[in-house]
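Chemist: sequence unknown, structure follows:
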């Protein structure tokens with residue numbers, strides 16, 4: 001179902017379900033012998049979500065074998081998706097490691113979904129991590145991990161609010177200090193915002209950022225709507241044949257605005273020093289690509305990364 005101005009979701013519907021898909025990709029990657037990242041909580045969060053995403057099913061070797069028999073070409077595509085998610089996760093993990101090494105002790109993860117960094121990364125004493133997302137999404141993650149005896153490795157603070165509402169006030173209400181340097185993250189978010197909402201988000205971040213603060217973002221992908229539709233149709237066909245519930249078409253949840261601002265350019269014009277990092281370069285560097293053809297073929301599906309410092 002396409003987006004509306006007042007839509008909402010939990011972990012099993014709409015945009016919320018995409019968090020399950022990404023967590024499932026992290027879970028599959030974590031079980032590989034050459035895993036680029038280790039997320040010990042991803043599988044717990046996927047299993048408890050109660051929706052049959054294909055990636056979650058791929059955690060079962062029997063299902064994985066069935067998918068390979070039905071559509072071996074698509075299995076290769078799933079491997080590329082897993083590689084991209086692993087590279088993206090690795091990139092932003094290192095971003096946070098560099099931020100705290102530079103003395104930053106205030107972190108904000110926007111649209112945090114099933115991000116488990118507050119639990120799985122080593123944070124210095126005194127680090128406060130603010131997770132901003134829909135109330136039901138935050139509640140699901142905290143409750144599920146608590147039921148398995150998992151506690152945060154830092155001072156985790158929930159900001160249960162839609163980013164289309166007055167989230168800066170809600171952030172301050174739980175202790176955020178705008179005079180302190182902050183490390184911000186907008187991962188897997190911008191594609192679900194209209195172009196003007198993206199500009200507003202970064203304007204608000206700038207207003208809350210002391211000099212020396214950092215911001216990292218995953219850019220919105222190119223449109224490539226025909227390819228996205230084709231991929232969704234193949235996923236749906238596999239789900240039907242395996243007996244899984246069909247998931248929402250992620251392409252219908254995204255905004256593909258022709259005049260969306262380039263994130264690095266926008267930041268550089270609004271008080272930041274920013275640099276673009278191409279995901280294809282990261283995939284090559286980290287050995288998460290099959291060949292140059294697959295990189296070129298995926299460039300409209302996957303995104304790039306930006307890191308900026310407040311001047």
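Modeler: Sure thing, it's come through. Please read all numbers here as calculations on a predicted model, not as lab measurements.
Chemist: Low-confidence ranges, the protein, go.
Modeler: In the predicted model of the chain, residues 1-17, 50-61, 63-64, 68, 70-75, 222-252, 290-300 satisfy pLDDT under 70.
Chemist: run the last query once more with 90
Modeler: Counting by pLDDT under 90, the chain contains low-confidence residues at 1-22, 24-25, 28, 31-32, 46-83, 191-192, 220-259, 280, 284, 287-302.
Chemist: ranges for the strands of it?
Modeler: All strands of the chain, identified by DSSP state E, fall at 106-110, 128-133, 155-160, 183-186, 214-218, 272-277, 305-310.
Chemist: Mind checking these for the one nearest to residue 266?
Modeler: Using C-beta to C-beta as the criterion, the shortest distance between residue 266 and the strands of the chain is 8.3 Å, found for strand 272-277. Where C-beta positions appear, they are placed from N, C-alpha and C, glycine not excepted.
Chemist: Can you give the distance from the closest one to the centre of its chain?
Modeler: Mean C-alpha position of strand 272-277 versus that of the full chain (C-alpha atoms, centre = their mean, to the nearest Å) differs by 19 Å.
Chemist: Same check on stretch 23-38?
Modeler: Put simply, stretch 23-38 sits 15 Å off its chain's centre (C-alpha atoms, centre = their mean).
Chemist: Including distance to residue 287, could the strands of the chain go into TSV?
Modeler: Below are the strands of the chain laid out as TSV (distance: least, C-beta to C-beta, whole Å):
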stretch	distance to residue 287
strand 106-110	27
strand 128-133	30
strand 155-160	32
strand 183-186	24
strand 214-218	20
strand 272-277	17
strand 305-310	17
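Chemist: Residue 204 touches residue 170, doesn't it?
Modeler: No: taking contact to mean C-beta atoms under 8 Å, the distance of 11.7 Å between residue 204 and residue 170 leaves them out of contact.
Chemist: thinking again about what came up before, in TSV, list the strands of the chain along with mean neighbour count and distance to residue 65.
Modeler: Below are the strands of the chain laid out as TSV (neighbours: other C-beta atoms under 10 Å; distance: least, C-beta to C-beta, whole Å):
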stretch	mean neighbour count	distance to residue 65
strand 106-110	25	36
strand 128-133	24	35
strand 155-160	19	38
strand 183-186	24	36
strand 214-218	24	32
strand 272-277	16	36
strand 305-310	22	34
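Chemist: partner residues bridging residue 276?
Modeler: Applying DSSP bridges to residue 276 yields these beta-bridge partners: residue 306.
Chemist: Can you get me a residue count around residue 33?
Modeler: Applying other C-beta atoms under 10 Å, we find 4 other residues in the vicinity of residue 33.
Chemist: Could you check how far it is from residue 76?
Modeler: Applying C-beta to C-beta, to the nearest Å, one obtains 18 Å for the distance of residue 33 from residue 76.
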